[in-house]
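>>> from the sequence below, what's the structure:
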Amino acid sequence: MRFSVNVSILFKEVSFLERFARVAEAGFGAVEFWWPGGEVGELDEVVDAVKAAGVSVALMNFPAGDMAAGDRGLAGDPERAAEFREGVPVALELARSVGCPRMNILLGHEAPGTEREEQLALARESVGFAADEARASGIETVVEAVNTFENGPYLLRTTAQAVEFVRSVGRGNLKIQHDLYHMQRMEGNLVANLREHIGEIGHVQIADPPGRGQPGTGEINYPYVLGVLEELGYSGYVGLEYNPVGTTEESFAWLPEAGRDGEIAVSDLKL
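Numbering: from 1, shown residues only. Sure, this is the predicted structure:
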């Protein structure tokens, strides 16, 4: 199993651009991140930081608005879908520059006064457009369901909704990003959904509810769940997208140092 470190949520004790080097110093070979527009002056600085650290980029997000202020995507927002489309070529240029093979699209919140199906139709158009543009660069796209307790009335809230949305868009380079933290909060049935939908999962992210800390700090039986993921032959990255309990470095104690830059067997995890 391969792990990537989400530098938008981990290593917050240093600046965004410094986090890439910290990932390498901790022994990892891959990172992922949300759209970094608000974290840097120029996007070229991200390219330079990635290359200087010698890490690969497993995943990055398309622009999703002001996440800190509560935005959760633009693709399905009737007032901002055009803004999303304008940002697609900019985001793809960054992805190509850092060699990122996979990009996540956040759809946004339900819009007051707009019918849900009307909004989903808009989101399908936006996501289809982004997927088509990404395919020209050999980039896969993903969409995810997220929990509404922390994220407000997000358009996709369950595994079934995310799968149905992906199928309705009908692009060969579009899959779901399956975040086990969000789905445990919304529906449970983690292993059943993994078994049913493994072929439609393009990326996996983890954290442990209820506090969104690292595995071993909450209620998910991660040795079992990750063991099933391994059994099913998942070959992608598992993104570490959690709020560390303790320092970021301390939160990696469950991951053997020897395998952090490559493959780690679930049986070797210190959980």
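
>>> contact partners for Gly259?
For Gly259, the contacting residues are 265, 268, by Cβ atoms under 8 Å, 6 or more residues apart in numbering. Yep, even glycine has a C-beta here, placed from its N, CA and C like the rest.

>>> one more time with 7 Å, if that's ok
Applying Cβ atoms under 7 Å, 6 or more residues apart in numbering, we find Gly259 in contact with Asp268.

>>> what ranges does the protein have for its strands?
Using DSSP state E, the strands of the chain run over 2-6, 30-33, 56-61, 102-105, 140-144, 174-179, 201-206, 237-240.

>>> got JSON lines for these, with mean pLDDT, distance to Arg22 and mean neighbour count too?
Formatted as JSON lines, the strands of the chain follow (pLDDT from 0 to 100; distance: least, Cβ to Cβ, whole Å; neighbours: other Cβ atoms under 10 Å):
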{"stretch": "strand 2-6", "mean pLDDT": "98", "distance to Arg22": "9", "mean neighbour count": "23"}
{"stretch": "strand 30-33", "mean pLDDT": "98", "distance to Arg22": "10", "mean neighbour count": "26"}
{"stretch": "strand 56-61", "mean pLDDT": "98", "distance to Arg22": "15", "mean neighbour count": "23"}
{"stretch": "strand 102-105", "mean pLDDT": "98", "distance to Arg22": "22", "mean neighbour count": "25"}
{"stretch": "strand 140-144", "mean pLDDT": "98", "distance to Arg22": "25", "mean neighbour count": "24"}
{"stretch": "strand 174-179", "mean pLDDT": "98", "distance to Arg22": "23", "mean neighbour count": "24"}
{"stretch": "strand 201-206", "mean pLDDT": "98", "distance to Arg22": "19", "mean neighbour count": "22"}
{"stretch": "strand 237-240", "mean pLDDT": "98", "distance to Arg22": "13", "mean neighbour count": "24"}
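
>>> pLDDT (mean, whole number) over the lengthiest helix in the chain?
Longest helix of the chain, by residue count under DSSP state H: helix 116-135. The pLDDT scores in helix 116-135 average 98.

>>> elements contacting it?
helix 81-98, strand 102-105, strand 140-144, helix 159-169 (3 or more Cβ pairs under 7 Å, 6 or more residues apart in numbering; DSSP states H and E).
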